[in-house]
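**Student:** okay, structure incoming, though there's no sequence with it:
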């Protein structure tokens, strides 16, 4: 059967249809990727609300911090000039937040995987005391004021 001009027309229609379908697929996929990126980048930041994690028992200030996948709260507010213990509470903690590092005090201590571990930091002056996990990935601060 010889080649007919109508065959060329049919091939062009099929090719044109496939190009439109591909173009539409690319546009839809690009739009979905763009929307995903916008949603991830515009995720509302967590605002840390000051919590009452500090108590004074028999003249000793106790700051309680939960350690698992980081430290919560990230910032604690305490009184300067009081003997202070930082109590790290853990529950099935197996990440790097098990190792607490407070470089300015020379503290590098491994916590229990479950329960609580007290670290005596003595009396602190006004200012900030910075600590982190052993890898430096999870920071925490204690702000001391009068």
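**Tutor:** Yep, that arrived. Being a predicted model, the structure only gives us computed values, none of them experimental.
**Student:** only C-alpha atoms from now on, for both contacts and neighbour counts.
**Tutor:** Fine.
**Student:** what's the burial count for residue 76?
**Tutor:** 21 (other C-alpha atoms under 10 Å).
**Student:** what helix or strand is it on?
**Tutor:** Element membership of residue 76, judged by DSSP states H and E, is strand 75-79.
**Student:** which outside residues touch the helix or strand hosting residue 122?
**Tutor:** Per DSSP H and E, residue 122 falls inside strand 115-123. Strand 115-123 is contacted from outside by 80-91, 105, 111, using C-alpha atoms under 8 Å, 6 or more residues apart in numbering.
**Student:** for that strand, buried residues please.
**Tutor:** For strand 115-123, burial by neighbour count (16 or more other C-alpha atoms under 10 Å) applies to 116, 117, 119.
**Student:** repeat that for stretch 74-89.
**Tutor:** Judged by neighbour count using 16+ other C-alpha under 10 Å, the buried positions of stretch 74-89 are 74-80, 82-89.
**Student:** in stretch 61-70, what's buried?
**Tutor:** So stretch 61-70, judged by 16+ other C-alpha under 10 Å, has buried residues 61, 62, 63, 64, 65, 66, 67, 68, 70.
**Student:** distance of the nearest residue to residue 68 once chain neighbours are set aside relative to residue 133?
**Tutor:** Excluding the flanking residues, the one nearest residue 68 by C-alpha to C-alpha, 6 or more residues apart in numbering is residue 93, at 5.3 Å. Noted for residue 93: a distance of 12 Å to residue 133, by C-alpha to C-alpha, to the nearest Å.
**Student:** so between those two, which is more surrounded?
**Tutor:** Legend: neighbour count by other C-alpha under 10 Å for residue 93 and residue 133, higher for residue 133 (24 against 19).
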